[in-house]
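Engineer: make a model of this:
(4 chains)
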Protein chains: 2
Amino acid sequence: MPSPPPPTARRRAGDGPATDRVRRTGGGPLPRHRPTLADVAAAAKVSVSTASLAFSGAGPIAAATRQRVLDAALELDYSGPNPLGRQLRRGRSGIVGVVVGDALKRSFRDPVSVQVLDGLVGTLGPLGLGVLLIPGPSDPSEPPVDPLVESAAMDVAVLMWGGTSDDDALTALQRRGTPTVVVEGRREEGVTTVGIDDRNGMSQATRHLLDLGHERIAVVTLPFDRSRREGLVDADRLSAIDWEITRRRLAGVTDTGVVPVAVHETPASLVEHGKAAGFSLLSGDDRPTAVVCQSDLLASGVVLAARELGLRVPQDVSVAGFDGLDLPWLAPDVLTTVVQPLAEKGAAVAHAVEDLLAGETPPYRELPVTLRIGTTTGPVPA
Amino acid sequence: MPSPPPPTARRRAGDGPATDRVRRTGGGPLPRHRPTLADVAAAAKVSVSTASLAFSGAGPIAAATRQRVLDAALELDYSGPNPLGRQLRRGRSGIVGVVVGDALKRSFRDPVSVQVLDGLVGTLGPLGLGVLLIPGPSDPSEPPVDPLVESAAMDVAVLMWGGTSDDDALTALQRRGTPTVVVEGRREEGVTTVGIDDRNGMSQATRHLLDLGHERIAVVTLPFDRSRREGLVDADRLSAIDWEITRRRLAGVTDTGVVPVAVHETPASLVEHGKAAGFSLLSGDDRPTAVVCQSDLLASGVVLAARELGLRVPQDVSVAGFDGLDLPWLAPDVLTTVVQPLAEKGAAVAHAVEDLLAGETPPYRELPVTLRIGTTTGPVPA
DNA sequence: GTGAAAGCGCTAACAG
DNA sequence: CTGTTAGCGCTTTCAC
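Structural biologist: Have a look, this model is predicted:
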């Protein structure tokens, strides 16, 4: 017959779930499981507060005492203060939740997201902050916000590609009172935003094409909204762009006075969608002489489509992009593009996070872009 | 002269740092900052434990009582239990730390990592677990393990590309007592591992080339170790492969009896390195008739190099890869490759995490691979 | 330079 | 079904 559980296997009310241990009482048995700061303090014959100081270094402590504590810790196989206790006490988790703009798989196929994230993580790390990855909305059928947005421990949140203003994630975060940085979103009251001067950048690229004599210019755009449609758009659709970034980059083109001969909407910034757009735009006889794309991935797809259609770039058609990515597979061509400082953008986001954490309200940060002229744009064909 | 600070601005010893508030005492002022479960309970005139139940649903509670609590929460603008308190009490953070094999920027340029991560996150999410991104070793000059490995709150860790056995991150995690899942590492006692049958997969690809009559077969490999050298390797170097995955995939080739005419080491699984390898291997007169690559990105680089050298694929040279990625820019070619189930691998890792969390020791999981014959391999040139 | 005390906000065992 | 109670492990005044 089963014997009653031994005292140590029986939990007392209020005991934490992972603490099947024997309390250390004067010469009694050693702690059973993970030692705590109290165990270390006892072993080193100092108070817990002193032991705490030995690890945090946040206060005066005698070198010898400190060493005694550290030795005791080593002895007990104590690997430093439990972050959970520390976090609760401090009221801070040290976590920055990053909501990416799409399912990870798709989002990270775009080097733009990846490089910004890299810059962000690289700057946050030395600040002692970690990044919690939160998937963005995937299918329109799925629930619009990941449960992590509602309940994960985070001190600050970052919304990559915070396209729209009625973003569900933003709403949820505001309800929770989590300070949030929005990347590339609409500049809005009470929301910290980091962006780039893409409207102006697009204008520069367009003017470059005008200077080359182009008049029939088509545009390949980023998604208009989460419906992620694909194809040529009419005036109606054109007036219903929900995503700020798409609207702004298109405005950059029209700012120059250009009226695009065609606008092609894509479901995501990916090579294949650029390729599809390229085939669609360049197959007819009245094809444009230049295509301005809202991203480099889209632009490289257009270049590939042109090549497959037997068109020479830039002799038959010029193609410009946006982002300034390295596109080795386009070699020997180098894309004409608007270069944005991706790693710096990540770092700027990190600094905004830092400010928010310090209780400040960082100003809107807009990073500059520059036009890089490559080999994919040339004079309009005679 | 400065007047003494008002009572609410003065913190009592032991007060949390973010809790400048007036305690709710019978009809007194409302809570100043974030309300707590106790505030909600008081407002709903129930005990905190009942209020807790109202949110967690982990216990019997009358629908009416529950509603009262929820109403009170809404009234007080309480957005659910503070995760920090919950975590400490539960002894669980709900966080899985994922150590990627390299700096994020480089790691995520490889769709393999991204797709595995996507599968992992997708499976972990419904389990209520979030992913903390931890950068792997970047430069050999940098400190070998990110501070997050040492001190972030996480219940389990995952080592992507846990190549070697003397991995510093693994050592640190073991010291902390954090259960760890290693992906693609050496199968080792006491370490939970998830991998694929890549050795056998590589053999299949090689046999496919043998069947086509190829005899002069070269190999382009993944990195040998963190030194990440580039170039042809000699016998000495060949016997010093530190990364398990590289060794295993090479063994898959030699298992067939093939002795490669050349082995080219690359610093990372990226198109440009494949291209460099391709130029190096295919430029001479005594070039191989087939090139087996340890990744698809490398293989596509080799294909691009061949094309630029004016070689027809597969008429002049056959190229095989490993991974089964979608490579739209290779079109109209489709790479012959060994397909591994990337999302499933992520899911398998997630299940191993789940087991570890349940206190079980999951068995080694090895996922199958399949050879996919595309258009980049053909009969040996006459 | 060190120690005592007071909780951070929450959950879970148990009694009623 | 609800309330009481006892902490999870830590940091930070404040007094000495």
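
Engineer: ok, the residue in the stretch 251-382 of chain A positioned nearest to DNA strand D - how many residues close by?
Structural biologist: Of all residues in the stretch 251-382 of chain A, residue A:357 sits closest to DNA strand D, with a separation of 13.9 Å (C-beta to the nearest atom of the strand). (C-beta placed from N, C-alpha, C; glycine too.) Number of residues near residue A:357 (other C-beta atoms under 10 Å in any protein chain shown) recorded here: 16.

Engineer: from residue B:97, how far out is it?
Structural biologist: Per C-beta to C-beta, to the nearest Å, residue A:357 is found 21 Å from residue B:97.

Engineer: same deal with residue A:50?
Structural biologist: From residue A:50 across to residue B:97, the span is 30 Å (C-beta to C-beta).

Engineer: who has more neighbours out of those two?
Structural biologist: Neighbours were counted for residue A:50 and for residue B:97 using other C-beta under 10 Å; residue B:97 has more, 25 against 18.

Engineer: that one in helix, strand or coil?
Structural biologist: Of the three states, residue B:97 takes strand under DSSP: H, G, I helix; E, B strand; the rest coil.

Engineer: where's it relative to chain A, distance?
Structural biologist: Separation of residue B:97 from chain A (C-beta to the nearest C-beta, to the nearest Å) stands at 8 Å.

Engineer: what about the residue lying closest to that residue once chain neighbours are set aside, neighbour count?
Structural biologist: Nearest in space to residue B:97, with sequence neighbours left out and distances taken as C-beta to C-beta, 6 or more residues apart in numbering or on different chains, is residue B:154 at 3.8 Å. Residue B:154 has 28 neighbouring residues, counting by other C-beta under 10 Å.

Engineer: in the stretch 151-300 of chain A, what residue is nearest chain B?
Structural biologist: residue A:153 (3.8 Å; C-beta to the nearest C-beta).

Engineer: and the contacts of the helix or strand encompassing residue A:117?
Structural biologist: Assessed by DSSP states H and E, residue A:117 sits inside helix A:111-124. Outside of helix A:111-124, the residues within contact range by C-beta atoms under 8 Å, 6 or more residues apart in numbering or on different chains are A:96, A:98, A:100-101, A:107-108, A:130-131, A:158, A:160-161, A:183, A:269, A:295, A:297, A:323, A:325, A:342-347, A:349-351, A:353, B:103-105, B:108-109, B:133, B:135.

Engineer: run the last query once more with 7 Å
Structural biologist: A:96, A:98, A:100-101, A:107-108, A:131, A:160, A:183, A:323, A:325, A:342-347, A:349-350, A:353, B:103-105, B:108-109, B:133, B:135 (C-beta atoms under 7 Å, 6 or more residues apart in numbering or on different chains).

Engineer: helix, strand or coil: sort out the one residue in the stretch 51-200 of chain A that gets nearest to DNA strand D for me.
Structural biologist: Residue nearest to DNA strand D within the stretch 51-200 of chain A (C-beta to the nearest atom of the strand): residue A:85, separated by 2.6 Å. Secondary structure state of residue A:85, per three-state DSSP, is helix.

Engineer: residue A:247 against residue A:241, yeah?
Structural biologist: Yes - judged on C-beta atoms under 7 Å, residue A:247 makes contact with residue A:241 at a distance of 4.3 Å.

Engineer: got any ranges where the stretch 1-150 of chain A has weak pLDDT?
Structural biologist: Residue ranges of the stretch 1-150 of chain A with pLDDT under 70: A:1-32.

Engineer: and the strands in it?
Structural biologist: Using DSSP state E, counting those that start in this stretch, the strands of the stretch 1-150 of chain A run over A:95-99, A:130-134.

Engineer: could you dump these to CSV with distance to residue B:229?
Structural biologist: What follows is those, written out as CSV (distance: least, C-beta to C-beta, whole Å):
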stretch, distance to residue B:229
strand A:95-99, 34
strand A:130-134, 31
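
Engineer: deepest-packed of these, please.
Structural biologist: Of those, the one with the most neighbours on average (mean count of other C-beta atoms under 10 Å in any protein chain shown) is strand A:95-99, at a mean of 26.

Engineer: ok, residues contacting that one?
Structural biologist: Contacts of strand A:95-99 from elsewhere in the structure, counted by C-beta under 7 Å, 6+ apart, are A:117, A:124, A:129-134, A:136, A:148-149, A:152-160, A:169, A:353.

Engineer: so how far is residue B:347 from the residue of the stretch 51-200 of chain A closest to DNA strand D?
Structural biologist: Taking C-beta to C-beta, one finds residue A:85 at 33 Å from residue B:347.

Engineer: so between the two, which is more surrounded?
Structural biologist: residue B:347 (20 against 15).

Engineer: tell me which residues touch that one, please.
Structural biologist: Contacts for residue B:347 (C-beta under 7 Å, 6+ apart) come out as B:119, B:123.

Engineer: pLDDT of the lengthiest helix in chain A, averaged?
Structural biologist: Using DSSP state H, we find that the single longest helix of chain A is helix A:342-357. What helix A:342-357 shows for mean pLDDT is 97.

Engineer: contact residues of the stretch 51-200 of chain A facing DNA strand C?
Structural biologist: Taking C-beta under 7 Å from any atom of the strand as the criterion, the stretch 51-200 of chain A approaches DNA strand C at residues A:53, A:59, A:60, A:61, A:62, A:64, A:65, A:88, A:89, A:91.

Engineer: widest-spaced pair of these?
Structural biologist: Farthest-apart pair in those is A:64 and A:91; separation 32.6 Å (C-beta to C-beta).

Engineer: these two: who's more crowded?
Structural biologist: Set side by side, residue A:64 and residue A:91 show more neighbours around residue A:91, with 14 against 8, by other C-beta under 10 Å.

Engineer: now do that one against residue A:251, distance only.
Structural biologist: Distance, residue A:91 to residue A:251, by C-beta to C-beta: 43 Å.

Engineer: again, but for residue A:115
Structural biologist: For residue A:115, the distance to residue A:251 equals 25 Å [C-beta to C-beta].

Engineer: same check, this time on residue A:283
Structural biologist: 28 Å.

Engineer: who has more neighbours, those two?
Structural biologist: Each of residue A:283 and residue A:251 has its neighbours counted (other C-beta under 10 Å); residue A:251 has more, 14 against 11.

Engineer: now that one: which helix or strand?
Structural biologist: Here residue A:251 sits within helix A:244-254, counting by DSSP H and E.

Engineer: and that helix, what does it pack onto?
Structural biologist: helix A:198-211, strand A:217-221 (3 or more C-beta pairs under 7 Å, 6 or more residues apart in numbering or on different chains; DSSP states H and E).

Engineer: buried ones in it?
Structural biologist: For helix A:244-254, a neighbour-count test (16 or more other C-beta atoms under 10 Å in any protein chain shown) marks A:244, A:245, A:246, A:247, A:248, A:249, A:250, A:252, A:253 as buried.

Engineer: okay, the helices and strands packed on helix A:244-254 in JSON lines with mean neighbour count, distance to residue A:304 and mean pLDDT next?
Structural biologist: Below are those laid out as JSON lines (neighbours: other C-beta atoms under 10 Å in any protein chain shown; distance: least, C-beta to C-beta, whole Å; pLDDT from 0 to 100):
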{"stretch": "helix A:198-211", "mean neighbour count": "20", "distance to residue A:304": "19", "mean pLDDT": "98"}
{"stretch": "strand A:217-221", "mean neighbour count": "26", "distance to residue A:304": "13", "mean pLDDT": "98"}
